[in-house]
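# have a look at this prediction, sequence included:
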Amino acid sequence: MEIPYTVQPRPDTGIYNAKVGIWLFLASEVMLFGGLFSAYVLLRVGTPDGMWPHGWLDVRFGTLNTVILALSAITTLLAWVACKVGEFGKFKFFHACTLALAVSFLCVKMYEYHDKWIHYEIKLTDGRIADGHMISSDADSVIIEGRYVTDEKDLYDLRAQKNIPRDEIKIPRSAIASMENYGPWHNTFLALYFTLTGLHALHILGGSVVIGYLWGPGSRMWKTDRARFTNRIEVSGLFWHFVDLVWIFLFPVLYLT
Amino acid sequence: MSDPYPVDHSAEHPVDFKTYIRICAIVFIAALCAISLMVFASYLHYTWPVKVTLILTIACFNAFMVAGFLMHLLSEKKLIYTLLSFTVFFFAGLLGLTLYAMSDFPSGTQLH
């Protein structure tokens, strides 16, 4: 049985079916991310002054990932154009670039997650707080590279503080009242950060799998049905552009404001 | 020798590789400018609402470049526009209800 309208436009819609399908899917994705963005707005606006973190994320890494995704959006489009004009070699090259950029994005994201994972806020029994990155820990003591603060509010707005000291601090276990890393459980900002970027990273991963398939085994269709294969590239490209669009808003919301 | 598997060029978007290279270069440079402007704006000493408005306006411009040129939304079929209109309506409703809920306190309760 032949599936209708995989290549030719459907008379009533004017486009082939997969394209209608991907746009419907993207519409549902807008609502998914929209729900999370509205949760962000609700929680952000409801936070008392001075209690929302600023400068907790490294703008350099966020910028790098934004440029990586922008470039991957370009290579995705060029891969589709290469198919349209019948240049399979160029398609292979541009799609390989997209894959490499997607992997680069995920590597940067993993580094950022790891940085938060080893970042600890340690409340001491004398009321001070030690904040910094874990170097080592054993049964007797914890060694971090960081600083002491007396008020938790000093940890919130890092952009307003210049030359934050980073010393190696050894803390005996007996002096620790509680310690917690900067995981999603640490506060509302980090919960939103990990949820939003984690969901986005899953989309990157899913998109990479599809792009990888179309670049590798899926590209055999080029020999049997070029027009349909080209449409597949267009549909996967539309998804990839959507993922880029989401990041275009995630970057300023989480890193810059 | 003729191509045994010709690509259907009758589809919605006429394609010329050089034209697309030029479009992509313009979009990418515009995206780089937008990203730089957003980062620059984040270091300006404006009040938070002004800064957020400025940065999100630049982000919207960047999004328009991606959606308009890379996703071909500037020259799409009516069905896609209809579908997106519904999406915008529901998305606005979602955000609107959230903002409405922020000031929707049960009577008799006190706001701290």
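The structure has been received and is ready for your questions.
# next one: phi and psi at A:K170?
According to degrees, to the nearest 10, the main-chain angles of A:K170 amount to phi -110, psi 120.
# what is the burial count for it?
Here the number of neighbours of A:K170 (other CB atoms under 10 Å in any protein chain shown) works out to 11. No exception for glycine: its C-beta is placed from N, CA and C like everyone else's.
# again with the one 10 residues further on
A:E180 has 12 neighbouring residues, counting by other CB under 10 Å.
# host element of it?
strand A:176-181 (DSSP states H and E).
# that strand: how far from the chain's middle?
28 Å (CA atoms, centre = their mean, to the nearest Å).
# what's in contact with that strand?
A:116-125, A:134, A:142, A:186 (CB atoms under 8 Å, 6 or more residues apart in numbering or on different chains).
# three-state assignment of the residue in the stretch 101-250 of chain A positioned nearest to chain B?
As assessed by CB to the nearest CB, chain B sits closest to A:A227 within the stretch 101-250 of chain A, at 4.2 Å. For A:A227, the reduced secondary structure class is helix; criterion used: DSSP: H, G, I helix; E, B strand; the rest coil.
# that one against A:Y5, yeah?
No - counting by CB atoms under 8 Å, A:A227 stays clear of A:Y5, with 11.8 Å between them.
# coming back round to it: what's the burial count for the residue of the stretch 101-250 of chain A closest to chain B?
Neighbours of A:A227 under the rule other CB under 10 Å: 20.
# neighbouring contacts of stretch B:77-97?
Residues from elsewhere that reach stretch B:77-97 (CB under 8 Å, 6+ apart): A:13-15, A:19-20, A:23-24, A:27, A:30-31, A:34-35, A:37-38, A:41, B:12, B:73.
# now rank the contacts of strand A:176-181 by neighbours and give me the top one.
Sorting the contacts of strand A:176-181 by how many neighbours each has (other CB under 10 Å) puts A:I122 first, at 23 neighbours.
# where does it land in three-state SS?
Under three-state DSSP, the three-state class of A:I122 is strand.
# what of A:P9?
Under three-state DSSP, A:P9 falls in the coil class.
# quick one: it from chain B, how far?
Using CB to the nearest CB, to the nearest Å, A:P9 is found at 8 Å from chain B.
# ditto for A:A96
Shown here: A:A96 relative to chain B, a distance of 17 Å by CB to the nearest CB.
# what about that residue, how many neighbours?
Using other CB under 10 Å, A:A96 has 16 other residues around it.
# that one and A:K116: what is the separation?
Going from A:A96 to A:K116 by CB to CB, to the nearest Å gives 31 Å.
# tell me the predicted confidence for residue 111.
Here I'm looking at chain A. Looking at A:Y111, its pLDDT reads 97.
# can you look at chain B instead?
Model confidence at B:L111, given as pLDDT, is 61.
# at which residues are the helices of the stretch 1-150 of chain A located?
With DSSP state H, counting those that start in this stretch applied, the stretch 1-150 of chain A shows helices at A:17-45, A:59-84, A:88-117, listed in chain order.
# wait, which of these is closest to A:Y156?
Smallest distance to A:Y156 across these (CB to CB): 13.3 Å, for helix A:17-45.
# now do the buried residues in that closest one.
A:17-20, A:22-23, A:26-27, A:29-30, A:33-34, A:37-40, A:44 (16 or more other CB atoms under 10 Å in any protein chain shown).
# try stretch A:84-99
Under the neighbour-count rule (16+ other CB under 10 Å), stretch A:84-99 has A:84, A:86, A:90-92, A:94-99 buried.
# from the centroid of chain B, which residue is nearest?
With distances taken as CA atoms, centre = their mean, the residue of chain B nearest its centroid is B:A63 (3.0 Å).
# so where does that one fall, helix or strand?
Here B:A63 is covered by helix B:48-65, with elements defined by DSSP H and E.
# and the angle for the helix or strand following that helix with helix A:17-45?
Moving toward the C-terminus from helix B:48-65, the next helix or strand (DSSP H and E) is helix B:78-102. Angle between the axes of helix B:78-102 and helix A:17-45 is 20 degrees (criterion: axes from the mean of the first three to the mean of the last three CA atoms, to 10 degrees).
# tell me which residues in helix B:78-102 are buried?
Within helix B:78-102, the residues that qualify as buried are B:79-80, B:83-84, B:87, B:91, B:95, B:98, counting by 16+ other CB under 10 Å.
# do stretch B:26-41 as well
If you call a residue buried by 16+ other CB under 10 Å, then stretch B:26-41 has these buried ones: B:27-28, B:30-31, B:34-35, B:37-39, B:41.
# what mean pLDDT does that stretch have?
Taken as a whole, stretch B:26-41 has a mean pLDDT of 95.
# do stretch A:48-66 as well
Along stretch A:48-66, the predicted confidence averages to a pLDDT of 92.
# can I get it in PDB, CA atoms only?
In PDB, the C-alpha atoms belonging to stretch A:48-66 read as follows (Å, rounded to 0.1, in the frame of the first residue of the first chain):
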ATOM      1  CA  PRO A  48      11.000  39.000  46.900                       C
ATOM      2  CA  ASP A  49      13.600  41.600  45.800                       C
ATOM      3  CA  GLY A  50      17.200  40.400  46.100                       C
ATOM      4  CA  MET A  51      16.300  36.800  46.400                       C
ATOM      5  CA  TRP A  52      16.500  35.800  42.700                       C
ATOM      6  CA  PRO A  53      20.000  34.700  41.600                       C
ATOM      7  CA  HIS A  54      21.900  36.700  39.100                       C
ATOM      8  CA  GLY A  55      25.200  35.700  37.500                       C
ATOM      9  CA  TRP A  56      25.000  32.100  38.600                       C
ATOM     10  CA  LEU A  57      25.300  30.900  35.000                       C
ATOM     11  CA  ASP A  58      28.400  31.500  32.900                       C
ATOM     12  CA  VAL A  59      27.300  33.900  30.100                       C
ATOM     13  CA  ARG A  60      30.300  32.800  28.000                       C
ATOM     14  CA  PHE A  61      29.000  29.200  27.800                       C
ATOM     15  CA  GLY A  62      25.500  30.300  27.100                       C
ATOM     16  CA  THR A  63      26.700  32.600  24.300                       C
ATOM     17  CA  LEU A  64      28.800  29.800  22.900                       C
ATOM     18  CA  ASN A  65      25.800  27.500  22.800                       C
ATOM     19  CA  THR A  66      23.600  30.100  21.200                       C
END
